[in-house]
Every structure is written in structure tokens, then in C-alpha cells.
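Enquirer: next come a sequence and a model predicted from it.
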Amino acid sequence: MQINIKAKNAKLTAEAHEIIEESVRGLGKYFDNIINADVEVGLSSFHHQSGDIYCVEVNLQVPKKVISASAKTDTVSKSMTKVKNILKQKLVQYKETHHKDN
């Protein structure tokens, strides 16, 4: 699986890159035919009283479909965890539906 990571209005640390790659690769255990993953991490341009807000959006390309999820929290790690949990559910659902068609 190819993973493309893009930062928008934010600089990603090596640790953030590692967290994102590990999380996306971990999704492979729920569906083993993920073709590629496009990850976009952005820092909200709005100033919040609570501090920075990071938005993580992931688009997974699987056969005949793109599965997407996004989340906004105060850290890249928390946002990625939320996105991973959403994608995990969507991949399991896709896998069940996909195998019924075959």
C-alpha cells in the first residue's frame, strides 16, 4: 500500500509522520486490499481559545471505491486515532459487503 502524506498550513514532525504511517498500515489487518492512502493534515486557520485544531483527512482507495474519514482535535495523534477508528468500521463493513457480492 502506498501512503501519501500532505501537510496543509502545518509542519509535521517525524513523530507525526510515524504515527500516521503506523495507523494507516494498521488498517491492513481489517482489509488487506487497500491500494493507497492519501492523508492530509491541516492546522485550522481559525484561532481558537483552546489552541490549535488539527484536521486529519484520510482517503483509502480500495477496489471500486474510496473510503474516507476525517476528524478534528487538538493534536495530530488524537485526530489520527479518531480517523483510524472510523475507517476500521467502514473497512469491516465494506469487506462484509464485498464478500457477499462474490
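Expert: Noted; the coordinates are in hand. Computed from a predicted model, the values in this text were never measured in an experiment.

Enquirer: show me where the chain dips below the pLDDT cut-off.
Expert: For the chain, the stretches with pLDDT under 70 are 45-50, 99-102.

Enquirer: find the residue at the geometric middle of it.
Expert: Geometric centre of the chain, nearest residue: residue 58, 3.4 Å, by C-alpha atoms, centre = their mean.

Enquirer: my guess is that one meets residue 87, correct?
Expert: Yes: here residue 58 lies in contact with residue 87, judged by C-beta atoms under 8 Å, at a distance of 6.3 Å. For the C-beta atoms, the positions are set from N, CA and C on the backbone; glycine is no exception.

Enquirer: okay, and the common contacts of those two?
Expert: Shared between the contact lists of residue 58 and residue 87 (criterion: C-beta atoms under 8 Å, 6 or more residues apart in numbering) are residues residue 69.

Enquirer: doesn't the residue nearest to the centre of the chain lie inside a strand?
Expert: Yes: under DSSP: H, G, I helix; E, B strand; the rest coil, residue 58 falls within a strand.

Enquirer: grab the nearest non-local neighbour of residue 86.
Expert: residue 69 (3.9 Å; C-beta to C-beta, 6 or more residues apart in numbering).
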